[in-house]
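A.B. asks: Turn this into a model:
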Amino acid sequence: MLRTALTSALLLTTMAIGAPAAASTSTVVSQPNGDVRLTVSVGCGGTDRDHDGDFNTCGKGDTASLLHAVFNQSETTQTFRVDTVLDGPGTTFDRTTSIDVVLAPDQIYDVTETFRVENKRTPLGQYTLSVTASASETVATSASLVVR
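C.D. replies: As a prediction, the model looks like this:
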């Protein structure tokens, strides 16, 4: 029930941002049993200082948002290994993290990070957030945004 409510909330948030959000949001479900669902969403929703109406492009003054969420859809508690890689132009914002998270059935682990796009501190180009979640099954996906 909690999973359904949070999935609906994420869907409503995505719909409120507009159609372009689909280009920078990816959701995958593990095979063959569907035990793991992973959503990765990146973009500059809410600020649109570059006035292009595109969720996955950011300009000076925008706030970039990076979200990933792991859903335990199995009927048992599982320990998940969650690996994330943020790869941008140059190495200023690049990072790799790994964490083990114990999730009960229908429990969700989610992380949201933000950074403000600034003239001299934020390199121009594509930023990609890649996430892998492993437990009884493994899934991986990524999403990108562009700073210009």
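A.B. asks: which residue ranges form the strands in the protein?
C.D. replies: 25-29, 36-43, 57-58, 63-72, 78-87, 95-103, 108-116, 125-134, 138-147 (DSSP state E).
A.B. asks: out of those strands, nearest to Arg49?
C.D. replies: Evaluated over those, closeness to Arg49 peaks at strand 57-58, with 8.1 Å, by CB to CB. Every residue, glycine included, has its C-beta placed from N, CA and C.
A.B. asks: how many neighbours does the residue nearest to Thr96 when sequence neighbours are not counted have?
C.D. replies: Spatial nearest neighbour of Thr96, excluding adjacent residues (CB to CB, 6 or more residues apart in numbering): Val85 at 5.0 Å. The local packing of Val85 (other CB atoms under 10 Å) involves 15 other residues.
A.B. asks: Compute the distance between Val85 and Ser130, please.
C.D. replies: Val85 is 5 Å from Ser130, where distance means CB to CB, to the nearest Å.
A.B. asks: what does Ala140 give?
C.D. replies: Distance from Ala140 to Ser130, by CB to CB: 7 Å.
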